[in-house]
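Engineer: can you look at this prediction? I've put the sequence above it.
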Amino acid sequence: MNADQAFRLERGGRIDRDRPLQFVFDGIPLTGYQGDTLASALLANGVRVVGRSFKFHRPRGVLSAGAEEPNALVRVGHGSLEESSVRATMQPLYEGLHAQSQNCWPGVNFDLGRIVDFAHRLFPAGFYNKTFMWPHWHWFEGSIRRMAGLGRVNSEYDPDHYEHRNAHCDVLVCGAGAAGLAAACAAAGSGARVILAEQDREPGGGLLWRTARLDAEPGDAWAADKWQELARYDKVKVLKCATVTGMFDDNLAVILERVWDRRAAPGPGGPRERLWKVRARQVVFATGAIEQPLVFPWNDRPGIMLADAVQQYLLRYAVAAGRRVVIAANNDSAYSLATELPASGIAIAALVDSRSATAIRDLDKIQAAGIPVFADSCIVATRGAKGVRRIRVMSRTGSAPIDVDCDCVAMSGGWQPAVHLFSQAKGRLRYSEELRAFVPECHPPSMQVVGAANGTFNLEAAVREGYEAGERAARSGRRSPLAGRSDSERCAEQVHTQLNCSRQWIDFQHDVTLLDIDMAVDENFTSVEHMKRYTTAGMGSDQGKTGNINALLALAERTGRSGDQVGTTTFRPFYVPVTLGALAGHRRGELYAPVQRSPLFECHESLGAHFHDYGSWRRPAAYPLRGETLQEAVQREALAARRGVVLFDGSSLGKIEVRGRDAAEFLNRLYVNNLNTLEPGRARYCLMLNENGVVMDDGIVVCLEFNHFLVHTTSSAAGTVFNWMETWLHGDWPHLDVLLTEVTSQWVNIAVSGPGARDLVRQLDCGVDFSKAAFPHMSLREGLLGTVPVRILRASFTGETGFELNVPAEFGASLWDRLLKPAAGQAPVPLGVEALMVLRAEMGFIHVGGDTDGTTTPDDLGWSGVIAAKQTDFVGRRSLLRSANRREGRLQFVGLRPLEDGAEVSAGAHVVNAVDHAAPARSQGFVTSAVWSPVLNRWVALGLVRDGRRRLDEQVNLYDQGKITPALIVAPAAMVADHD
Amino acid sequence: MMLIPCPWCGERAEEEFAFGGESHIQRPEDPAGATDSQWADYLFFRSNPRGLHRERWQHRHGCRQWFNLARDTVTHEIRAVYRLDEPCPESAVGDSQ
């Protein structure tokens, strides 16, 4: 054997011995070969303890050679590339790979956390829920949380890229083992569009490490040929390193493709992982089967492995899992090791089979080869702190125990078909007594299940099943109930050692033992879903791929039920852990959510605007001058609106055009106001309610011409209101002749406001008479700027004279620039959103969603007069009559004025009665807006207060985190509107 | 994620659609005359069946049309698709629970 890889065989394996790779595990430099996984390279170097278990911190070694690995979880990489809980069995080895064990301190070989193990009797299932009750769970939660969890989350920015891809196909084949390849070939041969996804780096599945021949070829060569053949079809896509991780409604499959593996150096560029969303007409599940461990005392020691994994390491990676191997089985599948191991010069210390001698195939041959066979026997104890050194075998008939020295136990407790995806796709399972496993029973017509995944373990039968299913899938044919054939080779016998030993592991990762199942049964958690949650069996990152079957069969045995009666827990996506990066794809950072920008965005930028995100809109909060703070800028802008003239970009305001014979009637049904009487050229400020009578939006409705309206919504509600209108129109009033068009982004809206507004807009020369008499408040005029149409709405959000100029979006910037630099008179000041909030709060104008909440009715805002004047029904009107909406004590919209002019008020402060000076006190409401008014030189606040309108001039206290500010309840408007 | 057959556009992924709750909910003809319990019934009470459910969907990120769907809430099987002004087809009503 090789000097630095003591357990590497001289010959064989699918590794490239000309390409040695250096890697580091826990600081120790080691060598492996191209083609190795991290697990096979560690085993080749004789590393047995690779991690610690979750609860008891027991030393753990590699159990499996695939996706099901519960034990060999390590941290791989450095810094921003570091990843936790990577399954060493799935991690391809690369030059410079840096891996570290986790869940242990100070090191994997000596871990102080193991103290829990030595006191394991104190820590049965649910121990912390029972133990840490007094005086309160929260006293202990912090330290328990620190102890819990595997690995640690990398909080650095992930520099790699991930992408999503959508695809459609006729047939999706999950798994490129013998059956899957056959299915894909048959489907491709019928001309179907096929996607074949294989989670391994090579196609072939078990053919890669089992001696088998197909079509007179060695199995692995057959697989490679079929793969090549498939890759030549135009309509076929073959994916390697691609795990189908979830099945969703209507055959939507989510595939995680690992495009390239992380390196010590930066990757080759392009996405590291790709998440495929494949919609398939037919899915063929050829996902194979997962070997299950045997349950016996102390079955968790490093070196105790799944038999098929031992064979895979031997034939695929040329690695000996041990030098003296015990084979322990309850079925025939592990027996191929009895010929493969000696052929590689590895001694078999014993063969332990729980079945009687007559059930063992080729018993004579095995005995003739000099292998001691213990039939009808079980392992009753194992020894070896850092790896198994000796086992004790006892006949089930009760003979004297015999000790056998060994350094590896290859165990096989039967095979569970990998039905996870099948089950997610709503396939139904049944329990097979002879296989001691759950197998597919029936399924929707849009899928097939073949090979070992269907309980068909015979190779030729599986391939035949694959071909048939592939053809059928290509024709989208239905299929009769499943005829999965089990063959005697995998028939397993149920044996749980009836020994009074609690330490027989069921779930290796979460340290669930038979004792915990017993306790669950004792405490009547006998439903499989309860047992799972009580014991946490199957709740680790491996999702119990090697533990669930033993757990539920133990439960069945202890409650006198059959496997069918117990059933399985629900299989849910994902089949294997999926990185958050792959789920996010490109949607992170700036691309996390789309940002909406006004067409004037660049104008604001050139003015040095400070931007904030308001809902989905990125808008100027303020335009600070050099040396000015944001707060100073807001004050200056707000003052300019009161004393001079300001420009405000209102382009984000929602704009919906409503046309048609019934347009007025339609709007009349949706708004609180009477809109039947609105004349062309006039505008009205309106409230919209939901059917519960709660204020949903406000805005100005303009009648552009007969049967043609322009509805304004608040910036963030444009989409909601448009959807709302469509819902009513399509669903309830389809007979109304109305056409809705959302035009928010079609128009730029520039509001000119302040005492100097009229002088500024007059300079535009757009053919509109701006005189007070000709252009009254709340009316609209249309003009022309050269050839560009302009809609001018005279309205005011500041209380000052205001004109809102609307031009087609592409002319917005030139209009803005022209307004900003007038030929004569005072130049306007650009006004940001924050100053706008100051101005409207001074006027007591509501901000729906800020000053209102999910209970606010129009009456709470003082709108009952408007409603009383309206004769007809509107959405939400009936709800206003409900007693809850009419009773006393409702929160009503008022102003709150601090008694001392300098006193600061913060939004969110509670209003309490004047006699209350400390918590707890009954809340009388709360402050919804609070701003510093530069004109009034004091804080101005708005709020919702119980029976507020009846309590004007009452003194109250504003309570904010222990601070009390005396204030008066006043009318909302702190200033009088002055639009002349 | 379901495939939903939009009556105007054909089969599209569920993420293109918006769900609008149970269909055939009749708004009282004369809301002002409705009793509190009639109004509450219209506002809040839904059948929430295990099995066939008739519901409204909008192809929001497509043609924006609203339509009706008869869907099995257990299997997500879509039994029928029909316009808002059409009654539910007999075939889908058959085994309503």
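Structural biologist: That came in fine, so what should we check first?
Engineer: low-confidence stretches in chain A?
Structural biologist: A:1-3, A:128-129, A:146-149, A:262-268, A:477-500, A:502, A:980 (pLDDT under 70).
Engineer: most distant residue from the centre of it?
Structural biologist: Note on chain A: the largest C-alpha distance from the chain mean falls to A:Ala773, namely 60.2 Å (C-alpha atoms, centre = their mean).
Engineer: now for chain B, the helix or strand with the poorest mean pLDDT.
Structural biologist: helix B:90-93 (a mean of 72; mean pLDDT, DSSP states H and E).
Engineer: residue contacts, the residue farthest from the centre of chain A?
Structural biologist: Contacts for A:Ala773 (C-beta atoms under 8 Å, 6 or more residues apart in numbering or on different chains) come out as none. In this view, the C-beta of every residue, glycine as well, is placed from N, C-alpha and C.
Engineer: give me phi/psi at it?
Structural biologist: phi -70, psi -40 (degrees, to the nearest 10).
Engineer: tell me the centre residue of chain B?
Structural biologist: When C-alpha atoms, centre = their mean is applied to chain B, the residue found nearest the centroid is B:Glu55 (1.3 Å).
Engineer: repeat for chain A
Structural biologist: Short answer for chain A (C-alpha atoms, centre = their mean): A:Leu583, at 6.7 Å.
Engineer: got a list of what that residue touches?
Structural biologist: For A:Leu583, the contact set (C-beta under 8 Å, 6+ apart) comprises A:Leu275.
Engineer: what number of residues lie near A:Phe457?
Structural biologist: Neighbourhood size, A:Phe457 [other C-beta atoms under 10 Å in any protein chain shown]: 26.
Engineer: against A:Asp947, how distant is it?
Structural biologist: Separation of A:Phe457 from A:Asp947 (C-beta to C-beta, to the nearest Å) stands at 77 Å.
Engineer: quick revisit: which element, helix or strand, includes the residue nearest to the centre of chain A?
Structural biologist: For A:Leu583, the enclosing helix or strand under DSSP states H and E is helix A:580-584.
Engineer: how about that helix: buried residues?
Structural biologist: Within helix A:580-584, the residues scored as buried using 16 or more other C-beta atoms under 10 Å in any protein chain shown are A:Gly581, A:Ala582, A:Ala584.
Engineer: contacts only, for the second one.
Structural biologist: When the contact criterion is C-beta under 8 Å, 6+ apart, the partners of A:Ala582 are A:Tyr162, A:Leu256, A:Glu273, A:Arg274, A:Leu275.
Engineer: report the longest helix in chain B, please.
Structural biologist: For chain B, the helix with the greatest residue count under DSSP state H is helix B:36-44.
Engineer: buried sites along that one?
Structural biologist: For helix B:36-44, using 16+ other C-beta under 10 Å, the buried residues are B:Trp39, B:Tyr42.
Engineer: ok, stretch A:826-838 next?
Structural biologist: Those would be A:Pro828, A:Val829, A:Pro830, A:Leu831, A:Gly832, A:Val833, A:Glu834, A:Ala835, A:Leu836, A:Met837, A:Val838, for stretch A:826-838 by 16+ other C-beta under 10 Å.
Engineer: show me what residue of the stretch 1-150 of chain A gets nearest to chain B.
Structural biologist: Nearest residue of the stretch 1-150 of chain A to chain B (C-beta to the nearest C-beta) works out as A:Ala67 at 24.0 Å.
Engineer: nearest spatial neighbour of that residue, chain-adjacent residues omitted?
Structural biologist: Leaving aside its sequence neighbours, A:Ala67 sits nearest to A:Val576 (C-beta to C-beta, 6 or more residues apart in numbering or on different chains; 5.2 Å).
Engineer: that older thread, in what helix or strand does the residue nearest to the centre of chain B lie?
Structural biologist: Going by DSSP H and E, B:Glu55 is part of strand B:52-58.
Engineer: wait, does that strand contact chain A?
Structural biologist: Yes. Strand B:52-58 is in contact with chain A by C-beta under 8 Å from any C-beta of the partner chain, via B:Arg56, B:Gln58.
Engineer: list the contacts of that strand.
Structural biologist: Counting by C-beta under 8 Å, 6+ apart, A:723, A:726-727, A:730-731, B:4, B:17-24, B:47, B:64-73, B:79, B:84, B:88, B:92-93, B:95-97 sit against strand B:52-58.
Engineer: first-to-last residue distance for stretch A:565-573?
Structural biologist: 24 Å (C-alpha to C-alpha, to the nearest Å).
Engineer: surely A:Gly35 and A:Val319 touch.
Structural biologist: No. Taking contacts as C-beta atoms under 8 Å, A:Gly35 lies outside contact range of A:Val319: 11.2 Å.
Engineer: which one of these two is surrounded by more residues?
Structural biologist: For the pair A:Gly35 and A:Val319, the greater number of neighbours falls to A:Val319 (29 against 21), based on other C-beta under 10 Å.
Engineer: surely the more buried one touches A:Arg8?
Structural biologist: Yes. Contact status for A:Val319 versus A:Arg8: in contact at 6.0 Å, counting by C-beta under 8 Å.
Engineer: now the common contact residues for these two.
Structural biologist: Here A:Val319 and A:Arg8 share the contacting residues A:Ala44, scored by C-beta under 8 Å, 6+ apart.
Engineer: pull up the gap between the residue in the stretch 801-950 of chain A positioned nearest to chain B and B:Glu29, please.
Structural biologist: In the stretch 801-950 of chain A, the residue that lies nearest chain B is A:Arg878 (3.8 Å; C-beta to the nearest C-beta). Distance from A:Arg878 to B:Glu29, counting by C-beta to C-beta: 12 Å.
Engineer: got the phi/psi numbers for the closest residue to A:Pro898 other than its chain neighbours?
Structural biologist: Nearest residue to A:Pro898 in three dimensions, chain neighbours excluded: A:Ala967, at 4.9 Å (C-beta to C-beta, 6+ apart). Main-chain dihedrals, A:Ala967, degrees, to the nearest 10: phi -150, psi 160.
Engineer: contacts only, for A:Ala967.
Structural biologist: A:Ala967 neighbours (C-beta under 8 Å, 6+ apart): A:Leu896, A:Arg897, A:Pro898, A:Leu899, A:Ala903, A:Val905, A:Val911, A:Ala941, A:Gln955, A:Val956, A:Asn957, A:Leu958.
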